[in-house]
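Asker: I'd like to go over a predicted model; first the sequence, then the structure.
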Amino acid sequence: MAEKEQDQRADEGRKAVFRIPSTAYLAIGLLIVCVTPVALGEINGFQWLYIFPLALLVFVARTRTVATKDGLQVRTVFGKRDLPWSALKGLAITDKARVRAVLGDETQITLPTVRTRHLPVLALVSGGKIKDPSGVLKDEELRSPGTGGEPAEPAAEHEPREAPAETGPSDGEPRA
(Lines give C-alpha, C1' and ligand atoms only; values in the text may rest on other atoms or scores of the structure.)
Protein backbone atom coordinates (compact mmCIF):
# COMPACT_ATOMS: atom_id res chain seq x y z
CA MET A 1 0.00 0.00 0.00
CA ALA A 2 2.78 2.43 0.91
CA GLU A 3 4.66 1.62 -2.30
CA LYS A 4 1.60 2.55 -4.39
CA GLU A 5 1.37 5.92 -2.62
CA GLN A 6 5.07 6.58 -3.25
CA ASP A 7 4.69 5.70 -6.93
CA GLN A 8 1.68 7.99 -7.22
CA ARG A 9 3.59 10.87 -5.58
CA ALA A 10 6.52 10.32 -7.91
CA ASP A 11 4.19 10.53 -10.93
CA GLU A 12 2.76 13.84 -9.70
CA GLY A 13 6.16 15.48 -9.96
CA ARG A 14 7.50 18.36 -7.94
CA LYS A 15 5.22 20.48 -5.83
CA ALA A 16 5.87 23.58 -3.74
CA VAL A 17 3.42 25.07 -1.27
CA PHE A 18 3.94 28.67 -0.16
CA ARG A 19 1.83 29.58 2.87
CA ILE A 20 1.89 31.60 6.05
CA PRO A 21 4.06 29.85 8.66
CA SER A 22 2.10 27.76 11.14
CA THR A 23 3.60 29.71 14.05
CA ALA A 24 0.97 32.32 13.20
CA TYR A 25 -1.51 30.05 14.97
CA LEU A 26 0.36 30.80 18.22
CA ALA A 27 -0.23 34.51 17.74
CA ILE A 28 -3.92 33.83 17.10
CA GLY A 29 -4.10 31.79 20.30
CA LEU A 30 -2.47 34.65 22.20
CA LEU A 31 -5.00 37.06 20.71
CA ILE A 32 -7.85 34.81 21.91
CA VAL A 33 -6.36 34.81 25.41
CA CYS A 34 -6.08 38.61 25.34
CA VAL A 35 -9.63 39.11 24.04
CA THR A 36 -11.25 36.73 26.54
CA PRO A 37 -11.22 39.02 29.64
CA VAL A 38 -12.88 41.80 27.66
CA ALA A 39 -15.33 39.55 25.80
CA LEU A 40 -16.46 37.62 28.88
CA GLY A 41 -16.06 40.43 31.43
CA GLU A 42 -18.71 42.12 33.52
CA ILE A 43 -19.95 44.24 30.63
CA ASN A 44 -22.20 42.20 28.34
CA GLY A 45 -22.14 42.38 24.56
CA PHE A 46 -18.42 42.15 23.75
CA GLN A 47 -18.46 38.51 22.61
CA TRP A 48 -18.30 39.80 19.03
CA LEU A 49 -14.58 40.49 19.64
CA TYR A 50 -13.95 36.80 18.97
CA ILE A 51 -14.64 37.55 15.29
CA PHE A 52 -11.13 39.00 14.87
CA PRO A 53 -9.19 35.88 15.94
CA LEU A 54 -11.62 33.73 13.95
CA ALA A 55 -11.07 35.85 10.83
CA LEU A 56 -7.29 35.63 11.27
CA LEU A 57 -7.57 31.87 11.69
CA VAL A 58 -9.44 31.56 8.38
CA PHE A 59 -6.93 33.88 6.69
CA VAL A 60 -3.90 31.86 7.83
CA ALA A 61 -5.52 28.53 6.98
CA ARG A 62 -6.72 29.50 3.48
CA THR A 63 -4.08 31.84 2.04
CA ARG A 64 -1.45 30.01 -0.02
CA THR A 65 0.13 29.53 -3.43
CA VAL A 66 0.74 26.01 -4.73
CA ALA A 67 3.12 25.44 -7.63
CA THR A 68 3.01 22.14 -9.54
CA LYS A 69 4.25 20.92 -12.90
CA ASP A 70 0.88 21.98 -14.38
CA GLY A 71 0.84 25.54 -13.07
CA LEU A 72 0.05 27.74 -10.10
CA GLN A 73 -2.94 27.56 -7.79
CA VAL A 74 -3.59 30.83 -5.97
CA ARG A 75 -5.87 30.54 -2.97
CA THR A 76 -7.14 33.47 -0.91
CA VAL A 77 -9.76 33.77 1.81
CA PHE A 78 -12.66 34.15 -0.61
CA GLY A 79 -11.49 32.46 -3.80
CA LYS A 80 -9.22 30.15 -5.73
CA ARG A 81 -7.67 30.53 -9.17
CA ASP A 82 -5.71 28.05 -11.27
CA LEU A 83 -3.04 29.48 -13.56
CA PRO A 84 -1.47 27.04 -16.03
CA TRP A 85 2.14 27.79 -16.97
CA SER A 86 1.05 28.37 -20.58
CA ALA A 87 -1.20 31.28 -19.51
CA LEU A 88 1.67 33.10 -17.80
CA LYS A 89 3.65 35.71 -19.67
CA GLY A 90 6.07 36.11 -16.78
CA LEU A 91 6.47 37.26 -13.21
CA ALA A 92 6.56 40.82 -11.89
CA ILE A 93 8.36 41.83 -8.70
CA THR A 94 7.06 44.69 -6.55
CA ASP A 95 9.09 47.13 -4.47
CA LYS A 96 8.45 45.07 -1.35
CA ALA A 97 9.87 41.83 -2.86
CA ARG A 98 6.43 40.39 -3.55
CA VAL A 99 5.81 38.41 -6.72
CA ARG A 100 2.91 38.78 -9.14
CA ALA A 101 2.00 36.54 -12.05
CA VAL A 102 1.59 38.42 -15.33
CA LEU A 103 -0.93 36.84 -17.69
CA GLY A 104 -0.96 37.11 -21.48
CA ASP A 105 -3.37 40.07 -21.37
CA GLU A 106 -1.04 41.97 -18.97
CA THR A 107 -3.29 41.24 -15.99
CA GLN A 108 -1.28 40.90 -12.79
CA ILE A 109 -2.31 38.47 -10.08
CA THR A 110 -0.63 38.68 -6.68
CA LEU A 111 0.86 35.39 -5.54
CA PRO A 112 0.23 35.36 -1.78
CA THR A 113 3.19 34.40 0.42
CA VAL A 114 5.58 34.14 -2.56
CA ARG A 115 8.66 36.36 -2.31
CA THR A 116 11.68 36.90 -4.53
CA ARG A 117 13.70 34.35 -2.55
CA HIS A 118 11.24 31.70 -3.78
CA LEU A 119 11.90 32.30 -7.49
CA PRO A 120 14.46 29.45 -7.83
CA VAL A 121 11.88 27.06 -6.36
CA LEU A 122 9.23 28.24 -8.85
CA ALA A 123 11.71 27.76 -11.70
CA LEU A 124 12.52 24.25 -10.51
CA VAL A 125 8.89 23.20 -10.09
CA SER A 126 7.88 24.64 -13.46
CA GLY A 127 10.51 22.54 -15.19
CA GLY A 128 12.11 25.54 -16.87
CA LYS A 129 8.92 27.24 -18.06
CA ILE A 130 9.72 30.07 -15.66
CA LYS A 131 13.34 31.17 -15.73
CA ASP A 132 15.31 31.73 -12.54
CA PRO A 133 16.39 35.40 -12.58
CA SER A 134 18.60 34.95 -9.52
CA GLY A 135 21.00 32.65 -11.38
CA VAL A 136 20.99 30.04 -8.62
CA LEU A 137 19.76 27.35 -11.03
CA LYS A 138 21.03 26.77 -14.53
CA ASP A 139 18.85 25.57 -17.42
CA GLU A 140 20.51 22.14 -17.27
CA GLU A 141 19.35 21.70 -13.67
CA LEU A 142 15.76 22.54 -14.58
CA ARG A 143 15.39 19.94 -17.35
CA SER A 144 16.75 16.49 -17.85
CA PRO A 145 18.57 16.05 -21.17
CA GLY A 146 16.52 14.73 -24.07
CA THR A 147 13.13 14.78 -22.38
CA GLY A 148 11.96 18.14 -23.67
CA GLY A 149 10.92 19.87 -20.50
CA GLU A 150 10.46 17.12 -17.97
CA PRO A 151 11.90 17.97 -14.57
CA ALA A 152 15.41 16.75 -13.95
CA GLU A 153 16.02 13.81 -11.67
CA PRO A 154 17.42 14.75 -8.27
CA ALA A 155 21.17 14.45 -8.06
CA ALA A 156 22.54 11.31 -6.45
CA GLU A 157 23.85 11.76 -2.95
CA HIS A 158 27.58 12.11 -2.71
CA GLU A 159 29.76 9.85 -0.63
CA PRO A 160 30.33 11.36 2.82
CA ARG A 161 33.77 12.82 3.23
CA GLU A 162 35.99 11.31 5.85
CA ALA A 163 37.09 13.55 8.67
CA PRO A 164 40.83 14.08 9.09
CA ALA A 165 42.44 11.59 11.45
CA GLU A 166 43.96 14.20 13.75
CA THR A 167 42.78 17.65 14.50
CA GLY A 168 44.66 20.37 16.27
CA PRO A 169 43.47 21.87 19.54
CA SER A 170 41.00 24.71 19.36
CA ASP A 171 41.78 28.19 20.63
CA GLY A 172 40.34 27.49 24.08
CA GLU A 173 42.10 24.14 24.66
CA PRO A 174 45.55 23.90 26.22
CA ARG A 175 48.29 22.36 24.14
CA ALA A 176 49.84 19.08 25.39
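Answerer: Yep, it's here.
Asker: can you pull the contacts of residue 53?
Answerer: Taking CB atoms under 8 Å, 6 or more residues apart in numbering as the criterion, residue 53 is in contact with 28, 31-32, 35. (Glycine included, C-beta is placed from N, CA and C.)
Asker: for PyMOL, what selects the buried ones among those?
Answerer: Buried residues within the contacts of residue 53, by 16 or more other CB atoms under 10 Å, are selected in PyMOL with:
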select buried, resi 28+31+32+35
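Asker: nearest to residue 93 among the contacts of residue 53?
Answerer: Closest approach between the contacts of residue 53 and residue 93, by CB to CB: residue 28, at 29.7 Å.
Asker: does that closest one touch residue 59 like I think?
Answerer: No - judged on CB atoms under 8 Å, residue 28 makes no contact with residue 59 at a distance of 9.4 Å.
Asker: next, the buried residues of the top helix by length along the chain.
Answerer: Assignment by DSSP state H gives helix 24-39 as the longest helix of the chain. Using 16+ other CB under 10 Å as the test for burial, helix 24-39 gives 28, 31-32, 35.
Asker: one more: stretch 49-57?
Answerer: Going by 16+ other CB under 10 Å, stretch 49-57 has these buried residues: 49, 53, 56-57.
Asker: can you list the neighbours in contact with the longest strand along the chain?
Answerer: Among the elements of the chain assigned as strand by DSSP state E, the one spanning the most residues is strand 108-115. Residues from elsewhere that reach strand 108-115 (CB under 8 Å, 6+ apart): 18-20, 63-65, 72, 74-76, 81, 83, 92, 97-103, 122.
Asker: among those, which ones are in strands?
Answerer: Per DSSP E, the contacts of strand 108-115 map to strands at 18-19, 64-65, 72, 74-75, 81, 83, 92, 98-103.
Asker: are any of those residues buried, and which?
Answerer: Among these, those that count as buried by neighbour count (16+ other CB under 10 Å) are 18-19, 64-65, 72, 74-75, 83, 99-101.
Asker: take these and write them to TSV, including distance to residue 133.
Answerer: What follows is these, written out as TSV (distance: CB to CB, whole Å):
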residue	distance to residue 133
18	17
19	23
64	23
65	18
72	17
74	20
75	25
83	19
99	11
100	14
101	14
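Asker: need those residues in a markdown table (columns: pLDDT and distance to residue 44).
Answerer: Listed next are these as a markdown table, based on pLDDT from 0 to 100; distance: CB to CB, whole Å:
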| residue | pLDDT | distance to residue 44 |
| --- | --- | --- |
| 18 | 95 | 43 |
| 19 | 95 | 38 |
| 64 | 96 | 38 |
| 65 | 95 | 42 |
| 72 | 94 | 47 |
| 74 | 95 | 42 |
| 75 | 96 | 38 |
| 83 | 94 | 48 |
| 99 | 92 | 47 |
| 100 | 94 | 46 |
| 101 | 93 | 48 |
